[in-house]
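Asks: okay, here's the prediction I keep looking at, along with the sequence it came from:
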Amino acid sequence: MIKLETKIKSAPVVFALNKLRTVHCDKAVKIDINKSIPTQGYSIRIEDKIYVSGGDDAGCMYGIFDIFHTLQRGEQLVTKNCSPFIPKRGIKFNIPLDSRTPSYSDAGTSARLNIGNMWDMSFWIEFLDRMAENNYNILSLWSLNPFPSMVIVPGFEKASLDDVKVSTRSFHAKLSGKGIFDRDHEENLYTVKKISIKEKIDFWRNVMRYAEDRCIEVFIFTWNLFAEGRNLRQYGITEDPNNTRTKQYFYNGTKALLDTYPLLSGIGVTAGENLTFNGRDDKSVPFEKTDIGFIYETYGKAIDDYLEEHPTRNIVYIHRMQMAKYEEITHAYKNFKGKLEISFKYSQAHMFSSTKPGFINDFLQEKGKNVKLWLTVRNDDFYMFRWGNPDFAREYIKNMPISCMSGFYIGADGFTWGRDYMTVGSNIHPLFIDKMWYAFNIWGELAFNPDITDNYFVDGISLRFRIPYDKALDLFIAWKEASEIISDFNCTHWHDFDFQWYPEGCCMYLNDIDKMVFANIHEFMNCDAMPFTDYLSVKEYASKVISRERITGTTPIDTVKSIHSHIELASEKIVGLSDYFNPELKCTIDDIKMMCLLGSYYSLKEEAAFWLSLYQASKEKEFQGKAISLLQEAAPIWKKYSSFVTSRYYPQELTRLCSKVDLREFDRQAELDIDLAKEAI
């Protein structure tokens, strides 16, 4: 038992100390607060005792966890001074509160099965504990319209919803988010929890209080304009931004959120998801009737007026750049009294691509010098497979525009990070972030300190799976190599948005024909490479080869070779790991094998796309023959992959694909690529 010396009784420190008590140490540990240390920072001195000084409760908590993790891993304690590299490190959580108040990802399996969990305090205790232990301090909850499930809006009291309900009807997802909940759903609801709106308010106050006890701030984000359901229609509320009742409801609702939840740290907004897309370019449109005008007249003005009444309250107001122009935002908020910050979708929907995405470059030149920035870091690449590559995360984090950032939040739009219901044969439904524990740990730890060495993560793998260090090192390498496959491929085969490309499924949703499709050989031939990188697409590379131009940059064949290298090393390093009986380890090894199979398929098909492009330009039959041969080799690998995946994971309705993704249904499509190559002209 460790001897502990401290007068600090705060909840965050007590939480960390309870963890520390579970490990052994020969020296006493003394904890205090030193105001000269930066916020969240801490120092550790190893003398006659272990001295931990934090700049505040958060710093003490993180310092104690540092000692805990070091001792737990059997590593040597050292004297150090630490402060966070990125101040705010967050989670983006599309929250399925109720079928009647959906979020963007609610027309999917993971959301529907998790609605009940959102109203279970034990879920949030576990979730928030994991966040704190991994150095996350922002929880952002995203909803199309959170007001009916979270507040009583003055003047619209009957718009609030008692109980938590789920519809027996399946949803038909739409990219707009509009119409997710319709009359058919409304007529086929059942109750998963009996709870009044006042009890709901108490529930979320308790969640926010618990978050505060873990040094985590809670934000609520909305998309606009969504006002569906009978409870709103009775007040004449519609999705017309010019409707005065609608404006009044959203204004009152925003003030109600701030009044109801004194621990709510901020509100984030999006203009244009379901608005009229009127911009200030049309000078005939009055400002208050533009999209940005509506957002300001409701959310912005409500926050401004609230702060006038409560000048000591600190509220961060985050305006997303999604479907908005920076000059419109600055014009609307030129007299705003609150703390306005801007959010940018950093890697579009695919964070696992380049470690230095360039989409933000122009905006960094455009934005005001003192404007603070949040990065939305979207992971819509990995819903099934356990990702793990500290080198990628370290480089990605160090490349962020740190000097002007408040922070980031990482998460998915097309999947709910609640409990895992995807794993076949499991009666236990762990937190999704616990299934993805390694990725969750990597991003949280490195965002706090990107100079953490690989040895820290190898020791963590050894501890988690109870395997010797040398075997943990093998798994570390295999995991890293397999995780790099999709990142490599996304750079040469790029689509901005999640619905346009789902790499685990080799599929996409075509909005113009309302259909999910398999990404066939034509798609591989015609797809662009990632902008702002040196990657060449198949068509660019083939054109340069045909015209005998000098080749610069990373070609698709370079990518193919890189993927082959990742597969070879990953496959080599997992040999022998199956000798250790550990169900989670087996699942992890299976994920690595599946990523390698997917990589084999993608590399063969990408090379085939190159040869087929050459054939189309030159009419050399030899090139067509090479493409056909590669596709004939690829088809059975796809079938092996789809069989392996569906033996481990249930097919899922995915919101942003607007369909159920069952990989076995693509088996025939993989074969038909061969016929398409034979028919190519």
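Replies: Yep, it's here.

Asks: so residue 189 bridges to which residues?
Replies: On the basis of DSSP bridges, residue 189 is bridged to residue 167.

Asks: can you count the residues close to it?
Replies: By other C-beta atoms under 10 Å, the residues close to residue 189 number 17. (Each C-beta comes from the backbone N, C-alpha and C, glycine too.)

Asks: distance of it from residue 165?
Replies: Relative to residue 165, residue 189 is positioned 4 Å away (C-beta to C-beta, to the nearest Å).

Asks: now do the shared contacts for those two.
Replies: Both residue 189 and residue 165 are contacted by 99, 100, under the criterion C-beta atoms under 8 Å, 6 or more residues apart in numbering.

Asks: low-confidence ranges, the stretch 1-150 of the chain, go.
Replies: For the stretch 1-150 of the chain, no stretch has pLDDT under 70.

Asks: now residue 509, what's its secondary structure?
Replies: strand (DSSP: H, G, I helix; E, B strand; the rest coil).

Asks: that one contacts residue 515, correct?
Replies: Yes - assessed by C-beta atoms under 8 Å, residue 509 is found in contact with residue 515 at 7.3 Å.

Asks: and those two? Which one has more around it.
Replies: residue 509 (23 against 11).

Asks: beta partners for that one?
Replies: Beta-bridge partners of residue 509, as defined by DSSP bridges: residue 516.

Asks: show me the protein divided up by domain.
Replies: Residue ranges for the domains of the chain, per automatic domain parsing: 4-82, 88-452, 475-679.

Asks: got TSV for those, with distance to residue 464 too?
Replies: Formatted as TSV, those follow (distance: least, C-beta to C-beta, whole Å):
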stretch	distance to residue 464
domain 4-82	10
domain 88-452	7
domain 475-679	8
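
Asks: what's the local residue count around residue 596?
Replies: Around residue 596 there are 23 residues (other C-beta under 10 Å).

Asks: right, I mislabeled it, should have said residue 510
Replies: 12.

Asks: just to revisit the earlier point, nearest to residue 459 among the domains of the chain would be which one?
Replies: Among these, the nearest to residue 459 by C-beta to C-beta is domain 4-82 (3.9 Å).

Asks: the closest one: end-to-end distance?
Replies: Using C-alpha to C-alpha, to the nearest Å, one end of domain 4-82 lies 21 Å from the other.

Asks: spatially central residue in this protein, please.
Replies: What sits nearest the mean C-alpha location of the chain, by C-alpha atoms, centre = their mean, is residue 411, with 1.2 Å.

Asks: for that one, which non-adjacent residue is closest in space?
Replies: Sequence neighbours aside, residue 92 is the residue nearest to residue 411 in space, at 2.9 Å (criterion: C-beta to C-beta, 6 or more residues apart in numbering).

Asks: tell me what the one helix or strand the one you found maps to is packed against?
Replies: In the assignment (DSSP states H and E), residue 92 maps to strand 88-94. For strand 88-94, the packing partners by 3 or more C-beta pairs under 8 Å, 6 or more residues apart in numbering; DSSP states H and E come out as strand 138-143, strand 373-378, strand 405-411, helix 437-448.

Asks: if we use 7 Å, what do you get?
Replies: Judged by 3 or more C-beta pairs under 7 Å, 6 or more residues apart in numbering; DSSP states H and E, strand 88-94 is in contact with strand 138-143, strand 405-411, helix 437-448.

Asks: report the angle between the lengthiest strand in the chain and strand 138-143.
Replies: Looking across the chain with DSSP state E, the single longest strand is strand 339-349. Here the directions of strand 339-349 and strand 138-143 differ by 80 degrees (axes from the mean of the first three to the mean of the last three C-alpha atoms, to 10 degrees).

Asks: for strand 339-349, buried residues please.
Replies: 340, 341, 342, 343, 344, 345, 346, 347, 348, 349 (16 or more other C-beta atoms under 10 Å).

Asks: also stretch 523-540?
Replies: Across stretch 523-540, burial judged by 16+ other C-beta under 10 Å covers 523-525, 527-530, 533, 535-540.

Asks: make a markdown table from the helices and strands packed on strand 88-94 and add distance to residue 583 to it.
Replies: Output for those, formatted as a markdown table (distance: least, C-beta to C-beta, whole Å):
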| stretch | distance to residue 583 |
| --- | --- |
| strand 138-143 | 29 |
| strand 405-411 | 27 |
| helix 437-448 | 14 |
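
Asks: ok, what's across the strand from the residue nearest to residue 411?
Replies: Beta bridges link residue 92 to residue 140 when assigned by DSSP bridges.

Asks: change the start of the numbering to 44 and stick with it
Replies: Happy to do that; since the first residue is 44 now, the last one works out to residue 135.

Asks: wait, it touches residue 451, no?
Replies: No - using C-beta atoms under 7 Å, residue 135 makes no contact with residue 451, being 9.0 Å away.

Asks: what touches both of the two?
Replies: Common contact partners of residue 135 and residue 451 (C-beta atoms under 7 Å, 6 or more residues apart in numbering): none.

Asks: which positions in the worst-scoring helix or strand of the chain on mean pLDDT come out as buried?
Replies: Least confident element among the helices and strands of the chain, by mean pLDDT, DSSP states H and E: helix 226-229 (a mean of 85). For helix 226-229, the neighbour count (16+ other C-beta under 10 Å) marks 228, 229 as buried.

Asks: secondary structure class for residue 400?
Replies: From three-state DSSP, the assignment for residue 400 is coil.

Asks: how about residue 650, what does it touch?
Replies: 600, 603, 673.

Asks: so the first one belongs to a strand, correct?
Replies: No - secondary structure of residue 600 (three-state DSSP): helix, not part of a strand.

Asks: what's the burial count for it?
Replies: When neighbours are counted by other C-beta under 10 Å, residue 600 comes out with 18.

Asks: and the second one, by the same measure?
Replies: Residue 603 sits with 22 neighbouring residues when counted by other C-beta under 10 Å.

Asks: touching, it and residue 644? I think so.
Replies: No - applying C-beta under 7 Å as the test, residue 603 and residue 644 come out as separate, 11.6 Å apart.

Asks: before we move on, back to that, now do the strand holding residue 135: distance to the chain's middle.
Replies: Remark: strand 131-137 is offset 8 Å from the chain centroid, using C-alpha atoms, centre = their mean, to the nearest Å.

Asks: quick one, what contacts residue 660?
Replies: Each residue near residue 660 by C-beta under 7 Å, 6+ apart is listed here: 585, 589.

Asks: can you rerun that using 8 Å?
Replies: Contacts of residue 660 by C-beta under 8 Å, 6+ apart are 585, 586, 589.

Asks: restricted to buried residues, select the residues you listed in ChimeraX.
Replies: Filtering the contacts of residue 660 down to the buried ones (16+ other C-beta under 10 Å) takes a single ChimeraX command:
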select :585
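
Asks: low pLDDT regions in the stretch 244-393 of the chain?
Replies: By pLDDT under 70, the low-scoring segments of the stretch 244-393 of the chain are 319-332.

Asks: what ranges does it have for its helices?
Replies: According to DSSP state H, counting those that start in this stretch, the stretch 244-393 of the chain carries its helices in the segments 273-276, 287-303, 334-338, 344-352, 369-375.

Asks: which SS class is residue 618?
Replies: Of the three states, residue 618 takes coil under three-state DSSP.

Asks: also the one 3 residues further on?
Replies: When the structure is split into helix, strand and coil by three-state DSSP, residue 621 lands in helix.

Asks: neighbours of it, how many?
Replies: 12.

Asks: which residue packs closest to it, ignoring adjacent ones?
Replies: In space, residue 621 comes closest to residue 632 once its chain neighbours are excluded; the distance is 6.2 Å by C-beta to C-beta, 6+ apart.

Asks: just to revisit the earlier point, looking at the contacts of residue 650, which is nearest residue 255?
Replies: Nearest to residue 255, judged by C-beta to C-beta, of the contacts of residue 650 is residue 603 at 50.2 Å.

Asks: which SSE is that closest one in?
Replies: Residue 603 is located in helix 599-616, with elements delineated by DSSP H and E.

Asks: can you check residue 238 too?
Replies: Applying DSSP H and E, one finds residue 238 in no helix or strand.

Asks: for it, give its distance to residue 192.
Replies: Taking C-beta to C-beta, one finds residue 238 at 10 Å from residue 192.
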